[in-house]
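1. Next come a sequence and a model predicted from it.
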Amino acid sequence: MKKTLYLILLSAIGLFSACGDDGSGDDCVSTYCNEDGKLEQPVIGVASEFVSASSTVTWDVTGATVIEADGYQFKDSNRNGVLDTYEDWRLSPEERAADLVGRMSLDQKAGLFCAPHMSFGSFATVDEFVPSINSVADTNVRIKIANNGFTPANRADLNNKCQAYVESKELGIPWLWLQDPAFSISGTAGEGTPSQNGFSKWPGQLTIAATQDPELVYKWAQASRDAWRSVGIRVYLGPQIDLTTEPRWGRNTSTFGSSSELTSQLVQSIVKGFQPDGAKLGPNAIVCNLKHFPGDGPQEGGFDGHNPSGRWIVYPGDNFDYHLAPFISGFEAGALSCMPYYPIARQGDWSGADGVIDGRTIEQVGGGFNADFLTTMWKEHYGYDYTWFISDWMIYADSSTLGAGGFMSPCHGVEALTSPERVAKSMKAGMNVFGGVSDYTWVTDGYNSGLITMEDIDKAMGRTLEVMFKLGLFENPYTDPEAATAAFAKAEYWTAGEEALAKSVTCLKNADNLLPVAAGQKIYVLAGEVDSDTGVFTPSVTPETLNSASDYGTVINNDASYASEAEKIAAADIVYMRISAPSWPFASSAAQRSGACYREYVHDGSDYYVGYFDDEICSNYYTSYAVLQYAHDAIASSADSTAKIVLQASITTSVVTELYLLCDAMIVDFGGIPDVTAFNAIFGRADITGKLPTGLPDNDWAIFNGYEDLADDDSTIFPFGYGLTVKASK
């Protein structure tokens, strides 16, 4: 009788404090309030409904049950037969989180700070992989990246089995799955991108920025949300909204380019696509984790922050606010999460955020440890106190433990501290989740040694629980494998991806209006190698490319009536070549950078520079350049040849001047597009409308003398927004 009375009283208090006498109204604070302020019963998912007894997984699932109160259903996560505050979805996420924090042990709290990375690796089946994830769950970890190439249905099945296991634990805290960037047709562009088995095909991030179309970017975000949500993913570690103001930086192609204004527009599209209800989140949302706060573009010398050589961000042009602006734009759209960058903002004569940040006195520690950025500027000055910060990966471990070359050894500025001391400093600065960390004792040791208090732990970890409650994970973390297959295959997103690919093609040159090329022309597809001693060209073109080209004209590569490759080239109407232009190395040291593919330039009397470079240092690029020069010479040496060279180059923020001089028409992308997309543009089956999302530097000298934080100060020939429009054939 007493227990029944307690349940009724608790339910009444919960209803009154959450949403008024009738469970609705203007003061409704639940995750499950609809647009009219009314409570809506959420789906309650329990393990017994999603993991069958016939599963080959050998562990026993003793999951939660469903209990009822006041005509509503609730999940009894701790299986005590009582509707506890954290189980009552009528209450606010903040109230539920505070209650759950009070029920957790120190070890449980510490585990919820950790977000280790775990690849599917050699596991052939879901059931082979599940025990490995469950062993991690036994250490109280509940946040993880688990990239894989499984089918959508298998990924949904994996989520369900792993969620069922943690449901059987003491408090029933679910998994929170993270997703690395995945924004390209290859499924491998961007850092750490997993195979996107079955996902619609889209341009890479810098390539889609060439469309300058926020609606297409929004559609990509919708497609990703539908697909990823269907397999259990609830946090997107992106988008990367750094600005490409330093061309030598190796991660430029994972950005939206050099324009703060364009990036600010596109990040809003992505946030609205992933988080339809903004910062409220909800069961259908995926959290956007904007990175790398407050802007990782101006890397000193272009070195990357993963390495000791990339420990500095610099602002010689006093342009801090330019890089910060996209993050403010994203938060205005409803974002609530950021990932700070690795490097240190080097002290200098610069300032930002209305003078709150003083470059002369900024603490010389990496972004994940910097309270000036995370708390003083962001939470206090701008008022984003609710921000959920996830650290970049592996900033707490000793460099000596992270492998040769220093890669992923980025505890910049805090090298002298122990791992528990780094964790404590980062937590006090404002951090909530420690990326790449699996050892929760770094948190418990920090507490036991007095480096952090329980109040520090509860405040930081409580924000993570709030996010999980806002996402509805405690009510239903399960997914439907059949629905996952359908979500990945949705036709409207495949169509939108093809449209984005077509609109991303950018034309840099179209001499004598060569494009669009008329149908029925003789085509020679140019690829192969030129012997540096004999000058003999040996072709090497895949049958797939030749077959694709044959749909647009008469391909003469295998025509035996010509005596040589040079004759074929001279006899063709169109010589088509696809190359990867030179890119700056992902250098980890000045010694590596000194051996890079640099050029020396002389002015040829026109507005351009002619490049000379070492064919050994630049071997991969030199091969393509030599083949292009071979074709150019073959055409020039034939008295009656009218062949024209059309070049498609997949480029980075690189110098392309010498390529421009050797072709008649040139189209570019920033990470790879299908042959059919390029051919449709060249042969007039699609308009060419792309615009450069970042300026392309004139020459290496200009880059060396430019300011890392200023956009396109080394670009005049091909500035941001350059691109020739070519209308499709009638």
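-> Received the coordinates, thanks.
2. ok, which stretches of the stretch 201-350 of the chain are helices?
-> Remark: helices assigned in the stretch 201-350 of the chain by DSSP state H, counting those that start in this stretch are 205-209, 214-230, 260-274, 320-332.
3. And the last one, how far out from the chain middle?
-> This points to helix 320-332. The chain centre lies 17 Å from the centre of helix 320-332; the measure is Cα atoms, centre = their mean, to the nearest Å.
4. Which positions within that helix qualify as buried?
-> F320, D321, Y322, H323, L324, A325, P326, F327, I328, S329, G330, F331 (16 or more other Cβ atoms under 10 Å). All C-beta atoms are positioned from the backbone trio N, CA, C, and that covers glycine.
5. Can you lay out those as TSV showing distance to L508 and pLDDT?
-> Shown next, in TSV, are those (distance: Cβ to Cβ, whole Å; pLDDT from 0 to 100):
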residue	distance to L508	pLDDT
F320	32	98
D321	31	98
Y322	26	98
H323	27	98
L324	31	98
A325	28	98
P326	26	98
F327	31	98
I328	33	98
S329	29	98
G330	31	98
F331	35	98
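6. so who does C114 touch?
-> T139, V141, I143, V433, F434, V437, S438, D439, Y440 (Cβ atoms under 8 Å, 6 or more residues apart in numbering).
7. what do you get for P298?
-> Contacts of P298 (Cβ under 8 Å, 6+ apart): T245, E246, I313, V314, Y315, N319, H323, E708, D709.
8. Which of the helices of the stretch 201-350 of the chain sits closest to I667?
-> Across those, I667 has its closest neighbour in helix 205-209 (11.7 Å, Cβ to Cβ).
9. one step back: just give me the closest of the buried residues of helix 320-332 to D76.
-> Nearest to D76 among the buried residues of helix 320-332, counting by Cβ to Cβ, is F331 at 36.3 Å.
10. rewinding a little: make CSV from the helices of the stretch 201-350 of the chain and add distance to H292 to it.
-> Below are the helices of the stretch 201-350 of the chain laid out as CSV (distance: least, Cβ to Cβ, whole Å):
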stretch, distance to H292
helix 205-209, 14
helix 214-230, 19
helix 260-274, 13
helix 320-332, 10
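11. and of these, who's closest to S30?
-> Here helix 214-230 is closest among the helices of the stretch 201-350 of the chain (Cβ to Cβ), at 20.2 Å.
12. what angle do the closest one and helix 260-274 make?
-> Orientation of helix 214-230 against helix 260-274 (axes from the mean of the first three to the mean of the last three Cα atoms, to 10 degrees) gives an angle of 40 degrees.
13. same for helix 214-230, what does it pack against?
-> Helices and strands in packing contact with helix 214-230 are listed as helix 152-167, helix 205-209, helix 260-274, helix 481-488, helix 491-504; criterion 3 or more Cβ pairs under 8 Å, 6 or more residues apart in numbering; DSSP states H and E.
14. mean confidence for the longest one?
-> If I follow you right, that is helix 152-167. Averaging pLDDT along helix 152-167 yields 92.
15. Keeping just the C-alphas, turn that helix into CSV.
-> Listed next in CSV are the C-alpha coordinates belonging to helix 152-167 (Å, rounded to 0.1, in the frame of the first residue of the first chain):
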residue,chain,number,x,y,z
PRO,A,152,23.0,-1.1,-42.9
ALA,A,153,20.9,-4.1,-41.6
ASN,A,154,24.0,-5.6,-39.9
ARG,A,155,24.9,-2.2,-38.4
ALA,A,156,21.4,-1.9,-37.0
ASP,A,157,21.7,-5.4,-35.6
LEU,A,158,25.0,-4.6,-34.0
ASN,A,159,23.5,-1.5,-32.3
ASN,A,160,20.6,-3.5,-30.9
LYS,A,161,22.8,-6.3,-29.5
CYS,A,162,25.2,-3.9,-27.9
GLN,A,163,22.3,-1.7,-26.5
ALA,A,164,20.7,-4.9,-25.1
TYR,A,165,23.9,-5.7,-23.2
VAL,A,166,24.2,-2.3,-21.5
GLU,A,167,20.5,-2.3,-20.7
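16. After it, which helix or strand is next?
-> Next helix or strand after helix 152-167 toward the C-terminus (DSSP states H and E): strand 176-179.
17. What is that next one packed up against?
-> Using 3+ Cβ pairs under 8 Å, 6+ apart: strand 176-179 touches strand 143-145, strand 233-236, helix 454-470.
18. what does the first one contact?
-> I take that to be strand 143-145. Residues from elsewhere that reach strand 143-145 (Cβ under 8 Å, 6+ apart): 112, 114-118, 133, 136, 175-180, 192, 237, 433, 464.
19. and the gap between the residue minimising distance to the centre of the chain and T255?
-> Taking Cα atoms, centre = their mean as the criterion, P181 is the residue nearest the geometric centre of the chain, at 2.8 Å. Per Cβ to Cβ, to the nearest Å, P181 is found 11 Å from T255.
20. list residues touching both of the two?
-> What both P181 and T255 touch, as defined by Cβ under 8 Å, 6+ apart, is the set Q205, Q240.
21. So V668, which state does it fall into?
-> strand (DSSP: H, G, I helix; E, B strand; the rest coil).
22. residue contacts, it?
-> Counted by Cβ under 8 Å, 6+ apart, V668 has contacts T506, L508, A581, Q648, A649, S650, I651, V656.
23. For G435, give its distance to E455.
-> In terms of Cβ to Cβ, G435 sits 23 Å off from E455.
24. out of these two, which sits in the busier spot?
-> G435 (23 against 8; other Cβ atoms under 10 Å).
25. quick one: the more buried one and A115 touch, right?
-> Yes - look at G435 against A115 with Cβ atoms under 8 Å: they come within range, at 5.2 Å.
26. A115 and Y707, how far apart?
-> Separation of A115 from Y707 (Cβ to Cβ): 35 Å.
27. Which one's more surrounded, those two?
-> With neighbours defined as other Cβ under 10 Å, A115 and Y707 compare such that A115 has more, 24 against 17.
28. Surely the more buried one touches Y440?
-> No - counting by Cβ under 8 Å, A115 stays clear of Y440, with 11.1 Å between them.
29. which residues do the two both contact?
-> Common neighbours of A115 and Y440, using Cβ under 8 Å, 6+ apart, are V141.
30. if we can go back for a sec, so for the residue nearest to the centre of the chain, what pLDDT did the model give?
-> The predicted local confidence for P181 is 75.
31. That one belongs to a helix, doesn't it?
-> No - counting by three-state DSSP, P181 is not found in a helix; it is coil.
32. Contacts only, for Y315.
-> P298, A345, R346, G348, W350, G352, G359, E708, D709.
33. And the pLDDT for it?
-> 98.
34. Then the one 3 residues further on?
-> As predicted, D318 sits at a pLDDT of 98.
35. before we move on, what about S624?
-> For S624, the pLDDT comes out at 81.
36. any idea how far it is from G528?
-> Distance from S624 to G528, by Cβ to Cβ: 10 Å.
37. Which one's more surrounded, those two?
-> Taking neighbours as other Cβ under 10 Å, S624 and G528 compare with S624 leading, 24 against 17.
38. got the contact list for stretch 153-162?
-> 50-51, 55, 57, 125-127, 129-130, 133-134, 137, 146, 148, 150, 175, 177, 230-232, 477-485.
39. ok, 6 Å please
-> Here stretch 153-162 makes contact (Cβ atoms under 6 Å, 6 or more residues apart in numbering) with 50-51, 57, 126, 130, 133, 175, 231-232, 478-479, 481, 484-485.
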